[in-house]
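Engineer: model the following, please.
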Amino acid sequence: MEVADRIVVMNQARIEQVKPPVDVFHAPSTEFVMDFLGNVNLFQGRVEQDQVRIIGKTFALVEPRSEQPSSANVDVRPHEWEISREANGVPSLVAQVLRINPAGPLVRVFLTVDGGIEIKVDMTFEEMQALGISTGDTVPIAPRQTRVFY
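Structural biologist: Okay, the predicted model is just below:
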């Protein structure tokens, strides 16, 4: 991804996407491509015009995807979540911090929502320190970016 001008992602001898690396990572054309390039939090959701509903909460979509309400897979990468200390007016899920892995400059936070659905969130060590979160805390989390696949 660092030296190529274009990348071809294949799945069982079938081309899934051919684009520059930045486009493949930030605008994957299929769920396979999204998952192939790294960790993903996957949810079953419902899309209606410019909103998606996951785990009982409704979030805005950056790009409207469907005129008719429909079921969809909703993917959110770990670095595309925002953890807050308290509700800030943004639609969010209430999550409990299960564990924190602070190894290196990036911290992986494991949270659970809605009775057991696990969500992985990546943030910098400095962000984690500023939040002051620890295992057992209950915090609101919100996706900054969602990708919908039908």
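Engineer: buried residues in the least confident helix or strand in the chain by mean pLDDT, which are they?
Structural biologist: In the chain, the helix or strand scored least confidently by mean pLDDT, DSSP states H and E is strand 66-76, which has a mean of 86. With burial defined by 16 or more other Cβ atoms under 10 Å, the residues of strand 66-76 counted as buried are 66, 72-76. Yep, even glycine has a C-beta here, placed from its N, CA and C like the rest.
Engineer: list of residues touching it?
Structural biologist: Applying Cβ atoms under 8 Å, 6 or more residues apart in numbering, the set of residues contacting strand 66-76 from outside is 31, 34-35, 40-49, 52, 54, 65, 143, 145-150.
Engineer: and for stretch 106-117?
Structural biologist: Stretch 106-117 has contacts (Cβ under 8 Å, 6+ apart) with 43, 55-56, 78, 83, 93-101, 118-125, 127-128, 133, 139, 141.
Engineer: over to stretch 90-99?
Structural biologist: So stretch 90-99 is contacted by 55, 57-60, 82-84, 109-114, 118-119, 133-142 (Cβ under 8 Å, 6+ apart).
Engineer: just these: which are in strands?
Structural biologist: 57-60, 82-83, 109-113, 118-119, 138-142 (DSSP state E).
Engineer: ok, Gly89 to Val139 distance?
Structural biologist: Distance of Gly89 to Val139, given as Cβ to Cβ, to the nearest Å: 15 Å.
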